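J.: what follows is a predicted protein model with its sequence.
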Amino acid sequence: MQPLGLRARMPGAARADVRELDDRRVVWVEVNGDTHKGALSFEASSVIENAARAAVAESLPLVIVMASSGAEIRDGFAALHGWGLAARALTDCSGKVPTFIVVDGPAVSGPALLLGIVDHVVMTDSSYAFVSGPTMVADFTGIVVDNEELGGSAAHARHTGSASIVVPDLAAGVAAVGQLLTYFPDHADAEPPAFPTDDPTDRPTPEAGDAIPAASTGSYDVRTVIRSLADEGDFLEVRSRWAANLVTGFATVGGRPVGILANQPMVLAGTLDIPASQKGARFVAFCDAFNLPVITLVDTPGFYPGKDLEWRGMIRHGAQLVFAYGRATVPRICVILRKSYGGAYIVMDSKRMGNDLCLAWPWAELAVMGAGQAAAILQRRATPEEKAAFEADYSERLLNPYVAAERGYVDAVIDPSDTRSVICSALDALVDKREHLPGRKHDNSPL
């Protein structure tokens, strides 16, 4: 397909066209850092605005390659106005068509904020992005930093979560976008594309259960479980270095693209904190917008405790994950691998949060808290022997999935080796799931 130019004669650093990316038609925008260092004039921003509106009108994904030093100073206020128009158009894309930015150079000031609007950001190793640069930071705070430390790709992968994927160069960045696109439909009114696979839907997965340590406090890599369930063991993880106590990514199960969200016991014992809640909420919302079923793998002892977290808004940010699950209408399957305690049990897509199927492995522990924590509260004045007896009784009576199953909070207790087969059957049954959405302007997400 020959690229079809959009406003091809407009001056400035931005160029746009409709082209094919790995056999998928996309609206493609390039902000060229070699033209006035990629500064966005009114005309350049108008190209981005027009491309975003074309993506919505034609129901095509939007891909932007960005290398921009910010608004064109020589244009004055007109440049700011143009950037505002581009930001508004990108906002209109949200939840309608998938949007991507590949940062291959600077993304400074206004252009940096565009990174927070789109669905996925891919950064090259040499790229950087920030709202206020090193000079302003030094002037206002007295702290001297360079571009890399302030807003390099490593910082956005590890600390801010702005980068979904970090790659060596632009070619790898474009390939990463193509790989992501394989899991998503062109627009919100379409189903994700089906994948041909030779991996049997009834393939046993004993290795999933074997990954769980015998000790309830033992650590393991939950990605081992994820890969055992996915077709051919393929799993594309996003934001892998940010909030690593929660794993998010895409796979196919039985040929159907799905989003997978899982607690990671290797990091902070799989507890939930503010970044993990934000990461999970954003991921669930994206999957819901583009019709990807969500599979949630649960192994968490609860929320990470601490005064600092509470003061920084653990309540508000923890509610983001609750809210995202609560409003999601796509098929939702929850598998409790081991621990599911307290408020985190509710947050991680529990039955009462509206999931379609809740499964548990035989050794799963569902309770308000663990036996040791319960003994510390309820047996404060007891002898060590009495506490030990209490913990043993508590574990036997309450820390098992069968109590929850009797009360309807768990649909089935299954052998780990049957997990893939049950999930595939559930996805088949839920393929036509539809929910009536209430008429309202929009919800009020706890940002």
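T.: The structure has been received and is ready for your questions.
J.: for this structure, what helix or strand is lowest in average pLDDT?
T.: Every helix and strand of the chain was ranked by mean pLDDT, DSSP states H and E. The lowest is helix 371-378, at a mean of 61.
J.: quick check: which element contains Val18?
T.: Assigned by DSSP states H and E, Val18 belongs to strand 14-21.
J.: so what are the sheet partners of that strand and their directions?
T.: Strand 14-21 has the following strand partners under DSSP bridges: strand 4-6 (antiparallel), strand 24-31 (antiparallel).
J.: check which element follows the last one along the chain.
T.: Looking back up the chat, that one is strand 24-31. That would be, after strand 24-31 and using DSSP H and E, helix 42-58.
J.: packing partners for that following helix?
T.: On a contact count with 3 or more CB pairs under 8 Å, 6 or more residues apart in numbering; DSSP states H and E, helix 42-58 meets strand 4-6, strand 14-21, strand 24-31, strand 62-68, helix 77-93. Backbone N, C-alpha and C define where each C-beta goes, glycine included.
J.: helix, strand, or coil at the residue most central in space within the chain?
T.: What sits nearest the mean C-alpha location of the chain, by CA atoms, centre = their mean, is Phe283, with 2.9 Å. What DSSP: H, G, I helix; E, B strand; the rest coil gives for Phe283 is helix.
J.: so what's it scoring on pLDDT?
T.: For Phe283, the model assigns a pLDDT of 98.
J.: any idea how far the residue lying closest to it once chain neighbours are set aside is from Arg239?
T.: In this structure, Phe283 finds its nearest non-sequential neighbour in Thr248, 4.3 Å apart by CB to CB, 6 or more residues apart in numbering. Distance, Thr248 to Arg239, using CB to CB, to the nearest Å: 6 Å.
J.: hmm, back to that, between the strand holding Val18 and helix 77-93, how big is the angle?
T.: Angle between the axes of strand 14-21 and helix 77-93 is 20 degrees (criterion: axes from the mean of the first three to the mean of the last three CA atoms, to 10 degrees).
J.: is the nearest residue to Leu447 once chain neighbours are set aside in a helix, a strand, or coil?
T.: Closest residue to Leu447 apart from its sequence neighbours, by CB to CB, 6+ apart: Gln320 at 7.4 Å. Gln320 carries the three-state label helix when classified by three-state DSSP.
J.: would you check that Gln320 makes contact with Lys279?
T.: No. Look at Gln320 against Lys279 with CB atoms under 8 Å: they stay out of range, at 9.7 Å.
J.: about what we covered before: contact partners for the residue nearest to the centre of the chain?
T.: For Phe283, the contact set (CB atoms under 8 Å, 6 or more residues apart in numbering) comprises 238-239, 248, 259, 261.
J.: quick check: phi and psi on the residue nearest to Phe283?
T.: Main-chain torsions, Thr248, degrees, to the nearest 10: phi -130, psi 150.
J.: tell me the contacts of it?
T.: By CB under 8 Å, 6+ apart, the residues touching Thr248 are 237-239, 259-262, 279-280, 283.
J.: for Ala14, same thing?
T.: Contact analysis of Ala14 by CB under 8 Å, 6+ apart lists 29-32, 40, 43-45, 47-48.
J.: in PyMOL, how would I select the buried members of these?
T.: Filtering these down to the buried ones (16 or more other CB atoms under 10 Å) takes a single PyMOL command:
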select buried, resi 29+30+31+32+40+43+44+45+47+48
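J.: hang on, the earlier thing: out of the strands paired with strand 14-21, deepest packed?
T.: Ranked by mean neighbour count under mean count of other CB atoms under 10 Å, the strands paired with strand 14-21 are led by strand 24-31, which reaches a mean of 23.
J.: got the CA coordinates for it in PDB?
T.: Only the C-alpha atoms of strand 24-31 are listed here, as PDB (Å, rounded to 0.1, in the frame of the first residue of the first chain):
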ATOM      1  CA  ARG A  24      -2.400  -3.300   9.500                       C
ATOM      2  CA  ARG A  25      -3.600   0.100   8.200                       C
ATOM      3  CA  VAL A  26      -2.700   2.900  10.600                       C
ATOM      4  CA  VAL A  27      -2.600   6.700  10.600                       C
ATOM      5  CA  TRP A  28       1.100   7.500  10.900                       C
ATOM      6  CA  VAL A  29       2.600  10.800  12.200                       C
ATOM      7  CA  GLU A  30       6.300  11.700  12.300                       C
ATOM      8  CA  VAL A  31       7.600  14.700  14.200                       C
END
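J.: who's in contact with it?
T.: Contacts of strand 24-31 (CB under 8 Å, 6+ apart): 1, 3, 6, 13-21, 38, 40, 44, 47-48, 51-52, 54-55, 58, 60-68, 111, 178, 181, 186.
J.: on that earlier part again, ok, the residue nearest to Leu447 - how many residues close by?
T.: Residues lying near Gln320 (other CB atoms under 10 Å) number 23.
J.: if we can go back for a sec, comparing the strands paired with strand 14-21, which yields the minimum mean pLDDT?
T.: The weakest mean pLDDT among these belongs to strand 4-6, with a mean of 80.
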